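[1] Provided below are the primary sequence and the corresponding predicted coordinates.
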Amino acid sequence: MSHSTPASTPSSPTPAPEPSRSSSPSSSSPETRGRSTTVAAVAAQLRAAGCVFAEEEAGMLLDAASGPADLAARVARRASGVPLEHVVGWAEFAGHRIAVDPGVFVPRRRTELLVRQALRRARPGAVVLDLCCGSGAIGTVLAAESAGAELHAADLDPAAVRCARRNIAPYGGTAYEGDLFDPLPDHLRGRVDLLAANMPYVPTADVPLLPAEARDHEALLALDGGPDGLDVLRRVLAQAPRWLAPGGALLFEISDRQTAPAVAAVRAAGLEPRVATDEEAYATVVTGVRPRGR
């Protein structure tokens, strides 16, 4: 997925109040003209490097920079192919600003379907587990929009865990470093209401076909799902039923061509599968529900 489209361009969830008319700089003021000239110059550099939405990105880079030298460094990084989110340090996801450190998986807009599906099942005080959490974007949004949620997150990548800790800390969340369920405390067994697992599902042979922004700047373990893309899913399903509360749900993203085998694997694990799609976002989410009484 390219990170240079408007769908993945970060934007503040709460716009700053507009200044009063008397304090607002004139459209022809030196300050405004200077900014416009700088944005135009930066946009020209980005456009020459192949950035489609050069003007929007130029404005964001200017806002993020602490001065001319910092701006030049950020523009050079972006022009070299570094994802915009890594250059400015954050991504907009489901209406929230998520910190994203260099090398950490950038949350995709298509994953917002998973968040919407999870929120439909959320109840006050829900126990939420964001597995393969990356930046912790999913858990952050679920905790922010679910009253009294108890949030836990886990990832194998130390850089991702450090980033997730910053994002989930305001919601009292805890992030663990380790392989899937291994680092989780035992007291979570059988208590998880929402288990969101945005695990890697790109088949190994397809990884070289990914956009360079993902292929060259995100951890391989966040992308490569094994020969058919379902290796990590199978490992999650082998343990998920023991961690879910009765009626609890595992939700994960998958490609449309993987839906049938993924649904079969969910059913084989003893969970009740459901599928949701968003054609505009090219998103497919499978939910596996632990039946009550089991």
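    Everything's here; your move.

[2] So which elements touch the host helix or strand of residue 251?
    Using DSSP states H and E, residue 251 sits in strand 244-254. If you count contacts as 3 or more Cβ pairs under 8 Å, 6 or more residues apart in numbering; DSSP states H and E, strand 244-254 packs onto helix 112-121, strand 192-197, helix 231-243, helix 259-268, strand 283-289. C-beta: built from backbone N, CA, C; applies to glycine.

[3] hmm, 6 Å instead?
    Other helices and strands packing on strand 244-254, by 3 or more Cβ pairs under 6 Å, 6 or more residues apart in numbering; DSSP states H and E, are helix 112-121, strand 192-197, strand 283-289.

[4] How far does it sit from its chain's centre?
    18 Å (Cα atoms, centre = their mean, to the nearest Å).

[5] likewise stretch 69-86?
    20 Å.

[6] Make 4 the starting number, not 1.
    Fine by me, first position is 4 from now on; the one you just mentioned is stretch 72-89.

[7] Look up the closest residue to the residue most central in space within the chain, ignoring the ones flanking it.
    Residue closest to the average C-alpha location in the chain (Cα atoms, centre = their mean): residue 110, at 2.1 Å. Leaving out its chain neighbours, the residue that sits closest to residue 110 by Cβ to Cβ, 6 or more residues apart in numbering is residue 140, at 3.8 Å.

[8] Could you verify my assumption that the one you found touches residue 109?
    No - the criterion here is Cβ atoms under 6 Å, and residue 140 misses it with residue 109 at 8.9 Å.

[9] between those two, who's got more neighbours?
    Neighbour count, other Cβ atoms under 10 Å: between residue 140 and residue 109, residue 140 has more, with 33 against 24.

[10] tell me what the lengthiest helix in the chain is packed against?
    If you go by DSSP state H, the chain has its longest helix at helix 33-51. Counting contacts by 3+ Cβ pairs under 6 Å, 6+ apart, helix 33-51 packs against helix 57-67, helix 71-82.

[11] list the buried ones in the last one?
    In other words, helix 71-82. 74, 77, 78, 80, 81, 82 (16 or more other Cβ atoms under 10 Å).
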